[in-house]
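Chemist: Quick check, what structure comes out for this input:
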Amino acid sequence: MLTTALTAVSFWLSFEALHDLASAHRLQGERAWAWPATVDTFIGVGELLILRASLMRRVDPWAIALTAAGSLGSIALNVAGVGVSHDPLDYVTAAVPPVAALLAFGVLMRQVHEFLVSRQAPVTPASEPVISTEATIEAPNIAEPEEASEAEPEVTEEPEPVTEPEEPRQELTQRDRIDQVVRTLYNVLGNRRPATRHIRQALADEGLPNSDGTCREARKRVETAEPHLKDLPDAIAA
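Modeler: Residues are numbered from 1 along each chain as shown. Got it, this is the predicted structure:
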């Protein structure tokens, strides 16, 4: 309230001094009262533009230039209206109203600015993500049961066959090898009894002893083990 009153009084005093200056220089009546507005109005317009720029959070160089031009022009013209004076206080008295008008109107705009800012909603910076206060609970992703598929037969691994460890093969003795060669001759000769010459030749091929006595003894042992071999026809007759 006091700021508004101070602003009004300061502008009135500045207008009055500029009116007197205009009247002294061939402006009369309404024109003398309108002329101060061409100077002091720049202060008000500049201050309002500064308020607008501050609300938009930017700097307006034109607003500052208008305010400075109006203030300096008003102060200079008020001081010039004093004329030649030997008392410095005359100049101070003339300069106080425009200076007070500038400062008082600036304080008033500051108060208006704070009031408007307090009424505005808080601005969320664009760089900060807006997070909802409500907790969002995502439903668990429960897969729908698929249609009953054909039951796959359970595959059971067959147990590996247990193999009994093979008994170590015993090496055949020379006698066993001789008997084996002789027994094979019965089959080679087409189920016939081999003669001594057959046995001797077969044993010689295997690098085994092949005397006549050895051949006869071997054939005897084989036929003792398998008596039916004695009944086979001799290979010589064939």
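Chemist: gap between the host helix or strand of residue 185 and the chain center?
Modeler: Using DSSP states H and E, residue 185 falls within helix 174-188. Centre-to-centre, helix 174-188 and its host chain are 85 Å apart (Cα atoms, centre = their mean, to the nearest Å).
Chemist: Tell me the helix or strand right after that helix.
Modeler: helix 196-205.
Chemist: Run through the neighbouring helices and strands of the helix or strand following that following helix.
Modeler: Following helix 196-205 in sequence order, the next helix or strand is helix 212-225 (DSSP H and E). Helix 212-225 makes packing contacts with helix 174-188, helix 196-205 when contacts are defined by 3 or more Cβ pairs under 8 Å, 6 or more residues apart in numbering; DSSP states H and E. Just so you know, the C-beta spots here come from the backbone N, C-alpha and C atoms, and that holds for glycine as well.
Chemist: Mind exporting the C-alpha coordinates of helix 212-225 to PDB?
Modeler: This file holds the C-alpha atoms of helix 212-225, laid out as PDB (Å, rounded to 0.1, in the frame of the first residue of the first chain):
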ATOM      1  CA  ASP A 212      55.300-139.500 -39.000                       C
ATOM      2  CA  GLY A 213      55.000-140.400 -35.300                       C
ATOM      3  CA  THR A 214      53.800-136.900 -34.500                       C
ATOM      4  CA  CYS A 215      51.200-137.100 -37.200                       C
ATOM      5  CA  ARG A 216      49.900-140.500 -36.100                       C
ATOM      6  CA  GLU A 217      49.700-139.600 -32.400                       C
ATOM      7  CA  ALA A 218      47.900-136.400 -33.200                       C
ATOM      8  CA  ARG A 219      45.300-138.200 -35.400                       C
ATOM      9  CA  LYS A 220      44.800-140.700 -32.600                       C
ATOM     10  CA  ARG A 221      44.200-138.000 -30.000                       C
ATOM     11  CA  VAL A 222      41.600-136.300 -32.200                       C
ATOM     12  CA  GLU A 223      39.700-139.500 -33.000                       C
ATOM     13  CA  THR A 224      39.800-140.400 -29.300                       C
ATOM     14  CA  ALA A 225      38.100-137.100 -28.500                       C
END
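Chemist: ok, and what's touching that helix?
Modeler: By Cβ atoms under 8 Å, 6 or more residues apart in numbering, the residues outside helix 212-225 that reach it are 178-179, 181-183, 186, 193-194, 196, 199-200, 203, 229-230.
Chemist: Nearest to residue 75 among those residues?
Modeler: Taking Cβ to Cβ as the measure, residue 75 lies nearest residue 181 of the contacts of helix 212-225, at 146.0 Å.
Chemist: pLDDT value on the residue lying closest to the closest one once chain neighbours are set aside, please?
Modeler: Leaving out its chain neighbours, the residue that sits closest to residue 181 by Cβ to Cβ, 6 or more residues apart in numbering is residue 202, at 5.2 Å. Predicted confidence (pLDDT) for residue 202: 87.
Chemist: Please apply the same query to residue 61.
Modeler: For residue 61, pLDDT reads 87.
Chemist: Relative to residue 33, how far out is residue 46?
Modeler: Counting by Cβ to Cβ, to the nearest Å, the separation of residue 46 from residue 33 is 22 Å.
Chemist: These two: which is more packed in?
Modeler: Under the criterion of other Cβ atoms under 10 Å, the comparison of residue 46 against residue 33 puts residue 46 first, with 25 against 16.
Chemist: so how many other residues sit close to the residue nearest to residue 189 when sequence neighbours are not counted?
Modeler: Leaving aside its chain neighbours, residue 189 sits nearest to residue 235 (4.7 Å; criterion: Cβ to Cβ, 6+ apart). If you count neighbours by other Cβ under 10 Å, residue 235 ends up with 18.
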